[in-house]
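K.L.:
Provide a 3D model corresponding to the input given below.
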Amino acid sequence: MAGSIAVADLAERMRPEGVADPSLAPPDLPSAWRLVRAWTRRHHENFPVLSSLVPPDLRDDFSAVYAFCRAADDLGDEVGDPARSLEMLAWWRRDLERAFAPEGSPRHPVFVALRDVAARRQLDARPFHDLISAFELDQVKPRHETFEEVLAYCRQSADPVGRIVLRLFAATEDAGSLAASDAVCTGLQLANHWQDARRDLLERDRIYLPREVWPCADFEEKFRRSATQGFAVDAAFLAASREMIRGLVERTSPYFEEGRALLPRVPAAARPVIGLFIEGGEEVLRRIAAWDHETILHRPRIGRLTKAWMVARAWGRARLAWRRPR
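P.N.:
As a prediction, this is how the structure comes out:
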């Protein structure tokens with residue numbers, strides 16, 4: 001599901017003032033599931049890999065959650081106009097409220113399917129609302145002053161996903177499990193912020209690198225010039241920016257170490273999925289280091305062979321886990 005699919009789809013379902021078009025009747029459940037499956041099949045990034053690690057009886061449920069998250073993310077990132085993005089996210093939130101209301105009747109197929117999942121898996125609406133809040137925050141707060149502010153953003157933009165995953169797998173949700181899950185998700189979000197520093201600036205005019213670690217007063221101006229031209233404005237700035245990213249990477253690694261405590265706490269079927277999240281995040285940090293922390297200029301990627309090996313190993317673990325009693 002490319003971003004344009006979700007944005008265009010919702011635009012057709014909204015009137016200009018942001019309310020649902022009453023001429024579009026809510027879809028029935030089979031139609032809703034067909035759309036969710038089609039959206040997730042068309043997405044070209046991570047979901048096909050993730051779904052292959054999930055037990056077959058949970059794949060549709062993960063598809064509905066993924067469709068919600070991917071579409072909400074696209075409404076925050078792909079609209080191109082913060083005001084319009086906020087309008088569309090408000091519509092998305094209202095349909096979320098309808099999906100979780102006892103007598104609610106959601107209008108969008110994603111929420112018709114999600115309502116079905118929520119009833120069967122006893123999902124809580126709060127994590128979904130938190131995710132929308134994070135995407136709304138992106139429209140009005142494109143810079144962050146402190147590392148703690150970035151962590152606060154992660155608590156809305158990343159940690160809720162882990163809590164939804166725990167609920168789908170019927171994992172124990174004690175304080176230790178929730179803290180470890182949050183650590184994994186925060187680590188992943190931080191790693192992605194450092195990896196995508198150049199792209200976030202050029203494509204969305206956002207800087208998640210906290211201002212308190214910027215190495216010079218004119219950092220943003222030099223960052224933009226360097227990112228645009230593809231090479232640093234001068235050697236001193238390149239060296240300083242490397243040290244900045246190095247420090248952020250060093251602050252991120254412990255989140256994955258803390259998150260490993262989650263693995264023995266969850267059902268066997270959940271471990272391949274969570275394990276791949278942890279290993280993927282750690283590999284992103286290694287790739288950043290291998291590029292000498294120059295993410296103001298480049299976006300390091302995990303190599304195909306490395307990715308294939310990680311996925312194959314996780315898939316093998318998943319097949320073993322499915323054979324065990326849940």
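K.L.:
CA only for contacts and neighbour counts going forward, please
P.N.:
Will do.
K.L.:
pLDDT score for the residue nearest to Asp205 when sequence neighbours are not counted?
P.N.:
With C-alpha to C-alpha, 6 or more residues apart in numbering as the measure, Pro142 is the residue that lies nearest to Asp205, at 6.9 Å, once sequence neighbours are left out. Reading off the confidence values, Pro142 has pLDDT 97.
K.L.:
Spit out the contact partners of Pro142.
P.N.:
Pro142 sits next to 205-208 when contact means C-alpha atoms under 8 Å, 6 or more residues apart in numbering.
K.L.:
Any stretches of this protein with poor pLDDT?
P.N.:
Along the chain, the parts satisfying pLDDT under 70 run over 1-4, 15-25, 43-50, 307, 309-310, 314-315, 317-326.
K.L.:
Try it again at 50.
P.N.:
Residue ranges of the chain with pLDDT under 50: 1-3.
K.L.:
I'd like the next helix or strand past the longest helix seen in it.
P.N.:
In the chain, with assignment by DSSP state H, the single longest helix is helix 235-259. Secondary structure here is assigned by DSSP states H and E; on that basis, the next helix or strand after helix 235-259 toward the C-terminus is helix 271-290.
K.L.:
and the angle for that next one with helix 235-259?
P.N.:
Angle between the axes of helix 271-290 and helix 235-259 is 160 degrees (criterion: axes from the mean of the first three to the mean of the last three C-alpha atoms, to 10 degrees).
K.L.:
Give me the buried positions along helix 271-290.
P.N.:
By neighbour count, with 16 or more other C-alpha atoms under 10 Å as the criterion, the buried positions of helix 271-290 are 271-289.
K.L.:
that older thread, so how far is Arg41 from the residue nearest to Asp205?
P.N.:
When C-alpha to C-alpha, to the nearest Å is the yardstick, Pro142 and Arg41 sit 31 Å from each other.
K.L.:
Name the SS class of the closest residue in space to Ile288 that isn't next to it in sequence, please.
P.N.:
Spatially, and ignoring its direct neighbours in sequence, Ile288 is nearest to Pro300 (5.9 Å; C-alpha to C-alpha, 6+ apart). Pro300 carries the three-state label coil when classified by DSSP: H, G, I helix; E, B strand; the rest coil.
K.L.:
Based on its surroundings, how many neighbours for Pro300?
P.N.:
One way to gauge burial is a neighbour count; for Pro300, by other C-alpha atoms under 10 Å, it gives 21.
K.L.:
That one contacts Trp291, doesn't it?
P.N.:
Yes. Distance between Pro300 and Trp291: 6.7 Å, which falls inside the contact criterion (C-alpha atoms under 8 Å).
K.L.:
Stretch 198-211: which residues count as buried?
P.N.:
198-201, 206-211.
K.L.:
Can you give me the first-to-last residue distance of it?
P.N.:
From its first residue to its last, stretch 198-211 covers 15 Å (C-alpha to C-alpha).
K.L.:
who's in contact with that stretch?
P.N.:
77, 142-147, 149-150, 193-194, 197, 224, 227-228, 295-299.
K.L.:
Could you rerun that using 10 Å?
P.N.:
Under the contact criterion C-alpha atoms under 10 Å, 6 or more residues apart in numbering, stretch 198-211 has outside partners 77-78, 80, 138-139, 141-150, 153, 190, 192-194, 196-197, 217, 219-220, 223-224, 226-228, 230, 244-245, 248, 294-299.
K.L.:
hmm, which of these are the buried ones?
P.N.:
77-78, 138-139, 143-144, 147, 150, 153, 190, 192-194, 196-197, 223-224, 226-227, 244-245, 248, 294-299.
K.L.:
for Ala67, what are its contacts?
P.N.:
Contacts were defined as C-alpha under 10 Å, 6+ apart; by that measure Ala67 touches 1, 6, 35-40, 43, 47, 73, 110-111, 113-114.
K.L.:
List the ones among the residues you listed that fall in helices.
P.N.:
Secondary structure assignment by DSSP H places 6, 35-40, 47, 73, 110-111, 113-114 of these in helices.
K.L.:
of those, buried ones?
P.N.:
In those, the ones that pass as buried (16+ other C-alpha under 10 Å) are 6, 35-37, 39-40, 47, 73, 110-111, 113-114.
K.L.:
Would you map out the domains in this structure?
P.N.:
Domain segmentation of the chain under automatic domain parsing yields 1-125, 141-318.
K.L.:
could the ones you listed be laid out in CSV, adding distance to Leu131?
P.N.:
Shown next, in CSV, are the domains of the chain (distance: least, C-alpha to C-alpha, whole Å):
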stretch, distance to Leu131
domain 1-125, 8
domain 141-318, 5
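K.L.:
nearest to Ser133, of the ones you listed?
P.N.:
Nearest to Ser133 among those is domain 141-318 (6.9 Å), distances taken as C-alpha to C-alpha.
K.L.:
for the contacts of Ala67, which one is nearest Asp182?
P.N.:
Taking C-alpha to C-alpha as the measure, Asp182 sits nearest to Asp73 out of the contacts of Ala67, at 19.1 Å.
K.L.:
which non-adjacent residue is nearest the closest one?
P.N.:
Skipping the residues right next to it in sequence, Asp73 comes nearest to Phe135 by C-alpha to C-alpha, 6+ apart, at 6.6 Å.
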